[in-house]
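Engineer: heads up, no residue letters with this:
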Ligand SMILES: [Zn+2]
């Protein structure tokens, strides 16, 4: 439900010279909505302002009014953006002198200072709207375009790391997105914006990003969005991570698995690192067996229990079983290429893979039994 | 990291709720009559004011209503020819003189900069029109083709609309809207209706209509594959079932599925998709170290507290991202993606069906997002609930074409359009 938190604006008083354009919905509309009178009136004024292409402070007021009722009005956001940039360039603000921070104030710097003040004011406004409409994404697209302009005004592109004023602004953005993540640490739009921020201001090396990810994972090791951001920070830049970084990542991920072996996120992350670095999964065999000791000799068999289940030690992770099955299937393929000598080893590896997959289908992950059966057929076809 | 940090949703509360399982209650059924009433109401009377935030995408709401009635096999029987004719006119009211469709008449009169075509609306308009029996003869194809080309970015992805003159009004046009696989999907669906997909390329059927950069599309989709073998809205963001559906369907509509998903990658993508299904009975022996051991699967089905239930644990449905909650729409996004890959059979259909019919199907018809009467049905979830059931062959529903998200009937109607109609022995490969 959109909350009507429009600022009290009396449109006929604000826009006495504008003739509202009513909506023509035809004789028999589809998906008609029971608009409130407030919305109907505001939309009529918006259409008229757009038709006049008025890029003014009045437009900022009216668009704010509409957005409070319908934050998904995308051309309203576009109209606001154009009006904002125009107003910011042409309407000097008295505080601009302070903002420019130069002792000898030149006319040019004053103009930049004034524009920055307008844009920073917009960011403040966007903070408020984002907190009110958590699920909306237009807000973040708009914020991106405003921040991009702020970045341009503050200094040369590509030299952000050395620019203290850029750093300050970036810090505020990191803090505000953090505030949004306090409300929902998996908000897709906010994560998209955060990635944009990292790319735009080259924050791949900023320790604050990784520290923040670790704070989130400390709170909830199952936060897959945080894991994904970690992957982006480590592997998403143009520079390849060093051996040390790779080792650090593997260690971190494995310790997360020890804490919660049934959490899929770090298992996926581990696969991701291995794929990125071209490391064969088979090097994870011992690690997997810790959580799924499928080769252990049978303990006691309770009556009625399937023999396949009776023959293994304590399984603490279905993801370890899954990975084991893949490792053994891969092994069988390689052994198959080894000629007659590899034949026996190949059959043994296939047997292990099938065993892991049957454990998954029958007991440890039966909701995905069809998938595990499919994998089993693939293995048997080797 | 500490043990206590393992997600609060796993901590049992003191109260317990017994949740009825399919084993306990028997097979739930589709309340056809209630769904029909729900959809006729949404089509023929005004939607509540809570839908105001979808005012600019009313064509999507129209699409859900029309296609839901089509799936129920009631579109032609429960509406009059006059109504259908008027609705066709309304959809054309949303077409811009320069081509392309707005999401609703809400911006008509705002001049050409602010009254513009919207990419998803274009798909919903074409699909809706054909369901209503229109021959698409009033569509401005040349303009629509130009719009598609203009809304594609250099990286191959698509935006939502185009701001003429850029932000200042004095530069080149700016493509607006975030990077988003949903826009890619809508563009490919529109393109399919224009060209029939496949390899026959532009202009073969609609003379003089421009085509998008197809290689760019494929490149963008491939680049959006994630490290965990899912697909995301754009490269490097988190894998998401909705975007996975859009990515796979887009590839399929382009006739490039095997290029985007080579055999070596298939098991990984299938793993990611099936991993979205939430178990509906507690899994044995896989509790976290600080957990009480659970009951065995055959024991009477109780889970700790209502919270645990609604946190998406133990519903049998699908979630959209790793470690998230089950939600009605993901039964379609995941089911549809699997179906596009030819693997719908990998779902646990019994559990999924139970989730939809036994838990989110609403008393007043339609589907809520989550189980519980307090989650009132909305059009998106109500449509996708039906669509998800149709993938599984639910009796009483038409069969759906997963990639286009419309009934096979509706798809065939489109394929009868003169520019798509297969001529004897023309040898053109179509999806
Ligand atoms: Zn949903």
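Structural biologist: Received the coordinates, thanks. Computed from a predicted model, the values in this text were never measured in an experiment.
Engineer: Next one: the residue of the stretch 101-250 of chain B found nearest chain A relative to residue A:227, how far apart?
Structural biologist: For the stretch 101-250 of chain B and chain A, the shortest gap (Cβ to the nearest Cβ) falls at residue B:227, measuring 3.0 Å. To be clear about C-beta, it is placed using only N, CA and C from the backbone, and glycine gets the same treatment. Relative to residue A:227, residue B:227 is positioned 9 Å away (Cβ to Cβ, to the nearest Å).
Engineer: So for these two, which residue has more residues nearby?
Structural biologist: residue A:227 (28 against 22; other Cβ atoms under 10 Å in any protein chain shown).
Engineer: Check that one and give its pLDDT.
Structural biologist: Looking at residue A:227, its pLDDT reads 98.
Engineer: Please confirm that it is located within a helix.
Structural biologist: Yes - assessed with DSSP: H, G, I helix; E, B strand; the rest coil, residue A:227 lies in a helix.
Engineer: Now the residue nearest to the residue of the stretch 101-250 of chain B closest to chain A when sequence neighbours are not counted: which helix or strand?
Structural biologist: Nearest non-adjacent residue to residue B:227, counting by Cβ to Cβ, 6 or more residues apart in numbering or on different chains: residue A:272, 3.0 Å away. Element membership for residue A:272 (DSSP states H and E) is helix A:264-277.
Engineer: about what we covered before: where do the contact lists of residue B:227 and residue A:227 overlap?
Structural biologist: Residues touching both residue B:227 and residue A:227 by Cβ atoms under 8 Å, 6 or more residues apart in numbering or on different chains: A:268-269.
Engineer: which residue lies farthest from the center of chain A?
Structural biologist: Relative to the mean C-alpha coordinate of chain A, counting by Cα atoms, centre = their mean, the farthest residue is residue A:340 (50.3 Å).
Engineer: What parts of the stretch 151-300 of chain A come near chain B?
Structural biologist: Proximity of the stretch 151-300 of chain A to chain B, by Cβ under 8 Å from any Cβ of the partner chain, involves residues A:186, A:188-189, A:191-192, A:195, A:217-225, A:228, A:231-232, A:235-236, A:255-256, A:259-265, A:268-269, A:271-272, A:275-276.
Engineer: Could you measure from whichever residue of chain A sits closest to chain B over to residue B:334?
Structural biologist: Closest contact between chain A and chain B, by Cβ to the nearest Cβ, is at residue A:272 (3.0 Å). To residue B:334, residue A:272 is 21 Å away according to Cβ to Cβ.
Engineer: which secondary structure elements does the helix or strand residue A:214 falls within contact?
Structural biologist: Here residue A:214, judged by DSSP H and E, is contained in helix A:207-219. Helices and strands touching helix A:207-219, as assessed by 3 or more Cβ pairs under 8 Å, 6 or more residues apart in numbering or on different chains; DSSP states H and E, comprise helix A:164-183, helix A:224-235.
Engineer: out of those helices, deepest packed?
Structural biologist: helix A:224-235 (a mean of 24; mean count of other Cβ atoms under 10 Å in any protein chain shown).
Engineer: which helices and strands does it pack with?
Structural biologist: helix A:188-200, helix A:207-219, helix A:264-277.
Engineer: got the contact list for it?
Structural biologist: Helix A:224-235 is contacted from outside by A:185-188, A:191, A:194-195, A:198, A:204, A:209-210, A:213, A:216-217, A:220, A:241, A:245, A:249, A:264-266, A:268-269, A:272, A:276, B:226-227, B:236-239, B:321-324, using Cβ under 8 Å, 6+ apart.
Engineer: picking up where we left off before, specify the stretch among the helices and strands packed on helix A:207-219 that is closest to the ion.
Structural biologist: Shortest separation from the ion across these is recorded for helix A:224-235, at 17.0 Å, computed as Cβ to the ion.
Engineer: Next, the angle from the closest one to helix A:188-200.
Structural biologist: 10 degrees (axes from the mean of the first three to the mean of the last three Cα atoms, to 10 degrees).
Engineer: Now residue A:11, what are its backbone angles?
Structural biologist: Reported as degrees, to the nearest 10, the phi and psi values for residue A:11 are phi -60, psi -50.
Engineer: Please tell me how far the nearest residue to it once chain neighbours are set aside sits from the ion.
Structural biologist: Distances taken as Cβ to Cβ, 6+ apart place residue A:45 nearest to residue A:11, at 5.0 Å, with adjacent residues excluded. For residue A:45, the distance to the ion equals 34 Å [Cβ to the ion, to the nearest Å].
Engineer: If you tally nearby residues, what's the number for residue B:111?
Structural biologist: By the criterion of other Cβ under 10 Å, residue B:111 has 13 neighbours.
Engineer: isn't it right next to residue A:48, touching?
Structural biologist: No - applying Cβ atoms under 8 Å as the test, residue B:111 and residue A:48 come out as separate, 10.2 Å apart.
Engineer: What residues does residue B:218 make contact with?
Structural biologist: The contact partners of residue B:218, by Cβ under 8 Å, 6+ apart, come to B:156, B:251, B:254, B:256, B:259-260.
Engineer: Residue A:295 reaches residue A:285, doesn't it?
Structural biologist: No - with contact defined as Cβ under 8 Å, residue A:295 does not count as touching residue A:285 (10.5 Å).
Engineer: my read: residue A:138 touches residue A:71, true?
Structural biologist: Yes - assessed by Cβ under 8 Å, residue A:138 is found in contact with residue A:71 at 6.4 Å.
Engineer: how near is the residue most central in space within chain B to chain A?
Structural biologist: Centroid-nearest residue in chain B: residue B:333, 5.8 Å away (criterion: Cα atoms, centre = their mean). Separation of residue B:333 from chain A (Cβ to the nearest Cβ, to the nearest Å) stands at 14 Å.
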